[in-house]
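K.L.:
when you get a sec, could you give me coordinates for this:
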Amino acid sequence: MTEGQFTKWLEAFGKAWQTNEPDDIGALVPDTFLWHAGPYVEIFRDRATLVDHWVSTVNTHSNVKPEYQILACESGRGICRYWVSYLLHKTAQVECDFILLVSLDESGRCTEFHEWMGTRMSPLPEYV
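P.N.:
The predicted structure follows:
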């Protein structure tokens, strides 16, 4: 994987968070893959299950603002720091800080995904 390929995938990943469109989410992965959404969390292995989970989870997010910093690309894997902030149910500002480890296939889709995340939630002043 090149840094350019990883950048392209990370941009598509951010777009999928912003749009929450099944086609944008599904385009990130081939038919089968391994998607580890953190320790102690279900591993997703097929596109339909990932898309269904993503759409039902992210539908409460608005004003999504992703950013990332690629840390390394080698041996077919990329690692980055990924930040995203969003409004949750329009009542709280959420900030997430991730480390992502990603493997892509020759078509630029993710065959293996690992994330480690920390989250901070701040209620909006009108809800405190």
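K.L.:
all strands in the chain, in order from the N-terminus.
P.N.:
Assigned by DSSP state E, the chain shows strands spanning 32-36, 43-46, 61-74, 77-88, 92-104, 110-123.
K.L.:
now the first one - C-alpha only, CSV.
P.N.:
As requested, C-alpha coordinates have been extracted for strand 32-36 and formatted as CSV (Å, rounded to 0.1, in the frame of the first residue of the first chain):
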residue,chain,number,x,y,z
THR,A,32,-15.4,-10.4,2.9
PHE,A,33,-12.9,-8.9,5.3
LEU,A,34,-12.0,-8.5,9.0
TRP,A,35,-13.2,-5.3,10.7
HIS,A,36,-12.2,-5.1,14.4
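K.L.:
that strand versus strand 110-123: what angle between them?
P.N.:
30 degrees (axes from the mean of the first three to the mean of the last three Cα atoms, to 10 degrees).
K.L.:
strand 32-36 pairs with which strands?
P.N.:
strand 43-46 (antiparallel), strand 110-123 (parallel) (DSSP bridges).
K.L.:
which of the residues in the lowest-mean-pLDDT helix or strand in the chain are buried?
P.N.:
The least trusted helix or strand in the chain, going by mean pLDDT, DSSP states H and E, turns out to be helix 47-58, with a mean of 92. Of all the residues in helix 47-58, those buried under the rule 16 or more other Cβ atoms under 10 Å are 47, 50-51, 54, 58. To be clear about C-beta, it is placed using only N, CA and C from the backbone, and glycine gets the same treatment.
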